[in-house]
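Engineer: Provide a 3D model corresponding to the input given below.
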Amino acid sequence: MPRASKKVSFLPTPMEPSHYVTRDAVLQELALIAFSDVRHYIVLQPDGQCAFKPLHELPHDATRIIKRLKDKQHHQQKKDDTVSHETQLEWEFYDKLKALELLGKHLGLFKDTPVTDSPVEIVLRKQD
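Structural biologist: Numbers count the residues shown, from 1 in each chain. Now for the predicted structure:
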């Protein structure tokens, strides 16, 4: 056997997408977006202002719902010819409503007869 074919035969075969992307993984990712809570990302400062937490302080998996971080630099020349620099970080999250809609469709919540694994109890109370 030629040397080149021996080397090629040792290369690993690529994984099929079905081996690492599963239905459960997709649903888990949608659920992460759908049930995210902005309180995981902000902290109330002593002056009453809200600020974003540093990325390393976020809960496990919380960074997975961040669509984009944008660093904005602002420079302003003052009257005394000094320049002030301000950095502002903009956060953009994946669409929570869209994730809820996709999960709801998957669960059959938006049909005339919803499909569910557990019973739903509806309590009606008579008003006096």
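Engineer: rest of the way, CA atoms for contacts and neighbours
Structural biologist: Noted.
Engineer: For D24, the count of nearby residues, please.
Structural biologist: 9 (other C-alpha atoms under 10 Å).
Engineer: And for the one 10 residues further on?
Structural biologist: Here the neighbour count serves as a burial measure; for A34 (other C-alpha under 10 Å) it reads 20.
Engineer: what separates it from K78, distance-wise?
Structural biologist: Distance, A34 to K78, using C-alpha to C-alpha, to the nearest Å: 45 Å.
Engineer: Same question for V26.
Structural biologist: 51 Å.
Engineer: Likewise for R23?
Structural biologist: 57 Å.
Engineer: ok, now which ones touch A51?
Structural biologist: Residues in contact with A51, defined by C-alpha atoms under 8 Å, 6 or more residues apart in numbering, are I42, V43, L44, Q45.
Engineer: cutoff 10 Å now
Structural biologist: Y41, I42, V43, L44, Q45 (C-alpha atoms under 10 Å, 6 or more residues apart in numbering).
Engineer: Just the buried residues out of these, in ChimeraX syntax.
Structural biologist: Applying 16 or more other C-alpha atoms under 10 Å to these leaves a buried subset, and the ChimeraX line that selects it is:
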select :41
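Engineer: now, which of the contacts of A51 sits nearest K98?
Structural biologist: Looking at the contacts of A51 and their distance to K98, the nearest is Y41, at 20.0 Å (C-alpha to C-alpha).
Engineer: picking up where we left off before, pick the one among the contacts of A51 closest to I66.
Structural biologist: Ranked by distance to I66 (C-alpha to C-alpha), these are led by Y41 at 10.1 Å.
Engineer: What average pLDDT does the helix or strand where L102 lies get?
Structural biologist: Assigned by DSSP states H and E, L102 belongs to helix 96-107. In this model, helix 96-107 has an average pLDDT of 93.
Engineer: show me where this protein has helices.
Structural biologist: Along the chain, counting by DSSP state H, helices occupy 3-9, 17-20, 23-34, 96-107.
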